[in-house]
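[1] what's the 3D shape of this:
(2 chains)
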Amino acid sequence: EAGVVQSPRYKIIEKKQPVAFWCNPISGHNTLYWYLQNLGQGPELLIRYENEEAVDDSQLPKDRFSAERLKGVDSTLKIQPAELGDSAVYLCASSSLAGASYNEQFFGPGTRLTVL
Amino acid sequence: AQSVTQPDIHITVSEGASLELRCNYSYGATPYLFWYVQSPGQGLQLLLKYFSGDTLVQGIKGFEAEFKRSQSSFNLRKPSVHWSDAAEYFCAVGLTDSWGKLQFGAGTQVVVTP
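    Residues are numbered from 1 along each chain as shown, chains lettered A, B, ... in the order given. Purely as a prediction, here's the structure:
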């Protein structure tokens, strides 16, 4: 069974440029998470989807960050424009229905973003 | 405010020696507790979790963790480490007032020496 797929794995851009990250969750997982992981820190939740609905986006900086999961399967996280402080690893995770219990979250390998 | 503390940023251990990683949490209720491992260039993998019941939890790769309510701790242990255990380990708390949201500690980097 394929795991959570993320692309690209690495991205280097100049500040003020846009960037997008893509995530394909494990088949059948209806809950999808985007996390931000700064160097030397644990992941921090940016947004959580259940199917197409963003049920928790309270930590997403909406002035420059956006996300979508149009068909309830794969998802895209976008930053426009990128700032130097956005350099980090962006992790995607998925799980089966989260509403009933804390089901295991399966993580992708992440996208390492460097903003110059 | 809720918090998860991993007091040790970095631990060096000899292969074959025992390992204990500390995790303390601050939360009003008994949370759901998790330990994840992250190897270089890879995503996080769940080692074990505690929801309720027996406070000693067995996980994968020979790891175990003990929940101690009185100390608000959930320490991870392994009796004999292998070189492949070198990785970063994260403790996480599942918040019951924000269902599905995990709060992670800052992580402990484990180095295994021959």
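[2] quick one, what contacts the residue nearest in space to the middle of chain A?
    Note on chain A: the residue nearest the mean C-alpha position is A:Trp34, at 2.7 Å, using C-alpha atoms, centre = their mean. By C-beta atoms under 8 Å, 6 or more residues apart in numbering or on different chains, the contact set of A:Trp34 is A:Cys23, A:Leu45, A:Leu46, A:Ile47, A:Arg48, A:Ala67, A:Ser75, A:Leu77, A:Tyr90, A:Leu91, A:Cys92. Where C-beta positions appear, they are placed from N, C-alpha and C, glycine not excepted.
[3] Next secondary structure after whichever strand or helix holds it?
    For A:Trp34, the element it lies in under DSSP states H and E is strand A:31-37. Moving toward the C-terminus from strand A:31-37, the next helix or strand (DSSP H and E) is strand A:44-50.
[4] First residue to last residue on stretch B:5-19, what's the distance there?
    18 Å (C-alpha to C-alpha, to the nearest Å).
[5] again with stretch A:22-38
    19 Å.
[6] tell me which residues of that stretch are tucked away?
    By 16 or more other C-beta atoms under 10 Å in any protein chain shown, the buried positions in stretch A:22-38 come out as A:23-26, A:29-37.
[7] Please apply the same query to stretch A:52-62.
    A:Ala54, A:Asp56, A:Asp57, A:Leu60.
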